[in-house]
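S.K.: generate a structure from the sequence data that follows.
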Amino acid sequence: MSFLLAALVWVLVPLSAAACDCGYAGAPCKAFDKTPTVFVGRVVKISTIDLKTASGDDYKDRLVSFEVERTYRGLTSKTAEVLSEWNSDCAYRFQEGLRYLVYAYPHGSTGKLTTSICTRTRPISEASEDLEYLNKKDDPSHGAGIEGMVEELDSKSQAVGSPQGIRVLVEGAAGRQTIITQKDGRFRLWGLLPGRYRVTPSLPKSFWPASQTVDLKGKACAELRFLATPRAHDGNSAPRRDERWHQVFQGHLAKVEVDRTLYERRKDEDCFIAVRVTNVMNRSIGVDLRKFWNVIYPNSWGSSNTPAPELVDEERWIREPISEEDKKRLMQDYSNRRLTTIMPHRSITYFRGFTFGRSIRKEIDSAADQYLIVGLDGVLEMTDGRTTAEVIFPMNDAAAERGRWLAIQRPASWQAVPQDSLVVEEHP
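M.R.: Numbering: from 1, shown residues only. This is a model prediction of the structure:
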């Protein structure tokens with residue numbers, strides 16, 4: 001769907017040429033699952049075709065004719081025609097006479113197939129990883145699989161490399177197994193039974209621990225991304241915990257954190273928290289901050305002598321994961337610039353009040369317990385125009401529960417909400 005949207009944009013502006021920033025195209029199992037047409041073929045002819053934009057303007061495109069050798073999905077004929085955008089930097093440059101593994105999508109206005117360098121389309125000589133999966137995927141012994149990568153970040157959340165030799169523990173229906181990251185930081189494990197698995201890379205002590213849980217179905221695969229985030233240092237060689245920012249979520253598009261500093265804007269007004277969203281991609285992402293109750297917000301607060309709630313007494317919404325229809329809507333809103341844009345490896349911070357019309361600073365500052373515990377709730381939907389992700393706190397998920405409790409050690413630090421800052425407020 002994401003590449004179809006990209007194709008639609010290219011059709012509307014065929015004469016534009018901009019740098020193509022694709023990011024990782026995904027593991028072969030995920031690329032196959034998302035691609036309607038996959039085949040191996042030899043290029044027999046490259047020609048041009050006359051087309052029209054939606055507004056009626058004429059333009060030319062490149063038409064690549066294939067002799068199909070093997071179909072994995074979507075084709076029944078022995079020939080295929082694929083458009084390769086004439087004036088787009090994302091166009092795949094095929095060569096006549098060579099054999100390719102092609103991942104193709106329907107073209108928005110012509111109904112023909114199209115592909116780009118943002119897919120896993122590649123010469124057969126470079127497609128060994130893809131062909132290994134495609135030729136084994138229907139073998140019952142191949143089972144389900146987990147593929148992923150570990151990426152190292154620096155103290156400013158900039159990607160600095162993919163560590164090799166990291167041991168990754170996989171625990172679940174097939175028992176306990178360990179795999180090792182390769183030179184590109186990637187790992188893979190197949191032959192697994194369907195069920196739930198916990199995946200934990202053994203990161204050095206200088207990094208925050210990370211773990212993810214996935215549910216596998218038969219013959220399916222999960223693709224995971226771990227960001228090795230360094231602990232903060234105080235000037236000595238020993239690492240210490242950075243007490244200011246509490247990490248709520250870390251995914252393939254963004255990292256979400258909440259500030260342990262509290263904020264106030266005017267006397268006798270709501271107290272505020274700050275939520276920071278960091279883009280970990282090499283391309284811009286869009287975050288939907290338009291709905292008051294559909295952002296990460298403080299749902300409850302209380303006191304505790306430990307950095308965890310002693311008694312939970314709150315009402316929460318039962319939120320369903322984002323639907324396929326909403327994913328399409330979100331990517332369309334991204335294309336139409338209706339979302340809050342975060343540039344590559346940059347952050348935005350928004351503020352959200354949580355006491356509705358009264359200041360609780362005196363109450364917070366005078367409490368005897370050691371910690372103020374804030375229970376977070378809500379959801380954040382985001383996209384890079386090709387894939388979507390969401391921060392959600394599902395019920396009965398231990399990992400999500402840990403992320404949603406913000407422990408602020410007393411005495412709390414207070415600051416004023418900066419002028420011209422992004423404050424998410426409810427409007428009648």
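S.K.: gap between stretch 78-85 and the chain center?
M.R.: Distance, stretch centre to chain centre, for stretch 78-85: 30 Å (Cα atoms, centre = their mean, to the nearest Å).
S.K.: ok, and for it, which residues are buried?
M.R.: Along stretch 78-85, these residues count as buried under the neighbour rule (16 or more other Cβ atoms under 10 Å): Ala80, Glu81, Val82, Leu83, Ser84, Glu85. Heads up, the C-betas are built off the backbone N, CA and C, glycines and all.
S.K.: how is this protein partitioned into domains?
M.R.: Taking automatic domain parsing as the reference, the chain has its domains at 2-135, 141-228, 245-423.
S.K.: could I get the full set of strands for the stretch 301-428 of the chain?
M.R.: 340-342, 347-353, 371-377, 379-383, 388-392, 405-409, 414-416, 422-423 (DSSP state E, counting those that start in this stretch).
S.K.: show me where the stretch 51-200 of the chain has its strands.
M.R.: In the stretch 51-200 of the chain, the segments counted as strands under DSSP E, counting those that start in this stretch are 58-73, 79-84, 99-106, 113-114, 122-123, 144-153, 159-161, 167-172, 175-180, 186-192, 195-201.
S.K.: hmm, Arg120 is touching Pro28, no?
M.R.: Yes - Arg120 lies in contact with Pro28 (Cβ atoms under 8 Å); the separation is 6.5 Å.
S.K.: give the intersection of the neighbour lists for these two.
M.R.: With contacts taken as Cβ atoms under 8 Å, 6 or more residues apart in numbering, the residues that reach both Arg120 and Pro28 are Asp130.
S.K.: more neighbours: which of those two?
M.R.: Per other Cβ atoms under 10 Å, whichever of Arg120 and Pro28 has more neighbours is Pro28, with 25 against 22.
S.K.: roughly how far does the more buried one sit from Glu147?
M.R.: Counting by Cβ to Cβ, to the nearest Å, the gap from Pro28 to Glu147 is 8 Å.
S.K.: tell me where the stretch 301-428 of the chain has helices.
M.R.: 324-335, 361-366, 398-404 (DSSP state H, counting those that start in this stretch).
S.K.: closest to Asn305 out of those helices?
M.R.: Checking the helices of the stretch 301-428 of the chain against Asn305 by Cβ to Cβ gives helix 361-366 as the closest, at 15.1 Å.
S.K.: enumerate the positions of that closest one that are buried.
M.R.: Buried residues in helix 361-366 (16+ other Cβ under 10 Å): Ile364.
S.K.: list the contacts of that helix.
M.R.: With contact meaning Cβ under 8 Å, 6+ apart, helix 361-366 is reached by Leu262, Glu264, Cys271, Leu372, Arg410, Pro411, Ala412, Trp414.
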